[in-house]
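Engineer: Dropping the sequence and predicted coords here.
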Amino acid sequence: MTTNTVIPFEDRVEKAAKILKITAKILKEALKESGVDDIELLNASTTCHADLQGILMDIKELKAAPMLKIKAVAAILKGEDPFGKVPEIVELPKKESNHSLVELIRSQRHVTQWTDEEVLTKYIETDDEQYEAELQRRSKNRRFIILKEGSQTEVDIEASIIMLKRARREEIPSFFTSDDKKIIHIYKIESYHIDNRVRYESPLRPGVILFDGFCHVSNQNFKKVDDRARKFLRLIHEFEGNQSRLEETNLVNIAEVRGVNGLGELFPEILELYMEREATDSLPSLKTIAPVETRQADPFYQKSGNRKY
């Protein structure tokens, strides 16, 4: 704190005496006995806090005064404000440890500079397309994903990394037999998720897979038709079979705008069946799982120098 030479001597004494609960006269006389009788001596660099504290402690009326109060009053006599705002302590940033520095450097690398394990682990965590694309590039779009034994979704990272290294050099079969006669399936990065292989059938053409909602056989687009209405359309097809293009277009339009209620008005008898089957969870699902590409026969059987998959 800096000495405030603006505050007059009398004012400092008055304020200090008030805090000490003595008269200004008693305090002034004690200061004067020690030679401090004007502002210059109070402000002098040779008059320190300890000097003033000693003077105050010698005043008989202050023999029982708390030391902290004595210290505060000494500061006031020096022209300082001991009750001012305490400066905030600003913590300096902690020095980066070697470990965190390594992590920082790693985080700045482009994904193409990551290790195979880093990319695969990040892809499993995020399912982000950029990591999938990088793994496709590294594997030359070949199979390399192996799932943990007994799991349909959990990737065996260690085994997959080993297979990824082989995928860089050679074609990988869809499965092989281990030494203990277990069948090990190998997937492409985009295929090992069952969710990624879910496909939707056309409501009006059983067995035909929709492409972004479009059925290329009936030339109808079901993208805006909800799931319940699609199942109702399938029941209509089961009862009525294929209809004319105009009739089917009309049905799809009604399904789009009014859903099951609109279709039920046209086919009340089918609506009753629909409600029964919905209650028993036996409506057509219209979902199918696209099979992972497989090649028959022993994947490592060789004949005439050519592998059969």
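Structural biologist: Nice, I can see it.

Engineer: which residues of the stretch 201-309 of the chain fall in strands?
Structural biologist: Ranges of strands within the stretch 201-309 of the chain are 205-209, 214-215, 220-221, 287-289, 302-303, 306-307, based on DSSP state E, counting those that start in this stretch.

Engineer: Give me the distance between Lys131 and Ser151.
Structural biologist: Let me fix one detail, which is that residue 131 is Tyr and not Lys. Here Tyr131 is placed at a distance of 20 Å from Ser151 (CB to CB, to the nearest Å). For every residue, glycine as well, the C-beta is placed using N, CA and C.

Engineer: Reformat the strands of the stretch 201-309 of the chain as TSV; add distance to Ala167, mean pLDDT and mean neighbour count.
Structural biologist: TSV is the format used below for those (distance: least, CB to CB, whole Å; pLDDT from 0 to 100; neighbours: other CB atoms under 10 Å):
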stretch	distance to Ala167	mean pLDDT	mean neighbour count
strand 205-209	28	94	13
strand 214-215	34	96	17
strand 220-221	38	96	20
strand 287-289	24	84	11
strand 302-303	19	38	8
strand 306-307	15	36	11
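
Engineer: Ala75: which of those is closest?
Structural biologist: strand 287-289 (80.6 Å; CB to CB).

Engineer: so what secondary structure elements neighbour the closest one?
Structural biologist: strand 198-202 (3 or more CB pairs under 8 Å, 6 or more residues apart in numbering; DSSP states H and E).

Engineer: Turn the strands of the stretch 201-309 of the chain into CSV, including distance to Ile22.
Structural biologist: Listed next are these as CSV, based on distance: least, CB to CB, whole Å:
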stretch, distance to Ile22
strand 205-209, 98
strand 214-215, 97
strand 220-221, 96
strand 287-289, 92
strand 302-303, 109
strand 306-307, 106
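
Engineer: sorry, back to before: so between Tyr131 and Ser151, which is more surrounded?
Structural biologist: With neighbours defined as other CB atoms under 10 Å, Tyr131 and Ser151 compare such that Tyr131 has more, 21 against 9.

Engineer: Am I right that that one is in contact with Glu118?
Structural biologist: No. With contact defined as CB atoms under 8 Å, Tyr131 does not count as touching Glu118 (9.4 Å).

Engineer: all helices for this protein, in order.
Structural biologist: Along the chain, counting by DSSP state H, helices occupy 9-20, 24-33, 39-43, 49-57, 67-77, 98-107, 116-126, 129-139, 157-167, 227-240, 245-266, 268-279.

Engineer: Quick one: residues in contact with the last one.
Structural biologist: In this case it means helix 268-279. Arg228, Lys231, Phe232, Leu235, Ile236, Phe239, Val260, Leu263, Gly264, Leu283 (CB atoms under 8 Å, 6 or more residues apart in numbering).

Engineer: Same check on the first one?
Structural biologist: Taking CB under 8 Å, 6+ apart as the criterion, the residues outside helix 9-20 that touch it are 23-24, 26-28, 31, 38-39, 42, 56, 62, 65, 69, 72-73, 76-77, 79.

Engineer: For that helix, buried residues please.
Structural biologist: Neighbour counts over helix 9-20 (16 or more other CB atoms under 10 Å) mark Phe9, Arg12, Val13, Ala16, Ala17, Leu20 as buried.

Engineer: relative to helix 49-57, how tilted is it?
Structural biologist: Here the directions of helix 9-20 and helix 49-57 differ by 60 degrees (axes from the mean of the first three to the mean of the last three CA atoms, to 10 degrees).

Engineer: Give me the below-cutoff pLDDT ranges for the stretch 151-300 of the chain.
Structural biologist: 194, 196, 291-300 (pLDDT under 70).

Engineer: Find the centremost residue of the protein, please.
Structural biologist: In the chain, the centroid-proximal residue (CA atoms, centre = their mean) is Thr126; its distance is 9.0 Å.

Engineer: contacting residues for that one?
Structural biologist: Contacts of Thr126 (CB under 8 Å, 6+ apart): none.

Engineer: One more: Ile22?
Structural biologist: Ile59, Glu61, Leu62.

Engineer: What's the separation between the last one and Leu56?
Structural biologist: Read that as Leu62. 6 Å.

Engineer: Give the residues shared as contacts by the two.
Structural biologist: By CB under 8 Å, 6+ apart, the residues touching both Leu62 and Leu56 are Leu20, Ile70.

Engineer: partner residues bridging Phe211?
Structural biologist: Phe214 (DSSP bridges).

Engineer: do you know how far it is from Arg199?
Structural biologist: On the measure of CB to CB, Phe211 and Arg199 end up 9 Å apart.

Engineer: quick one, domains of this protein?
Structural biologist: The chain breaks down by automatic domain parsing into domains covering 9-77, 111-185, 194-289.
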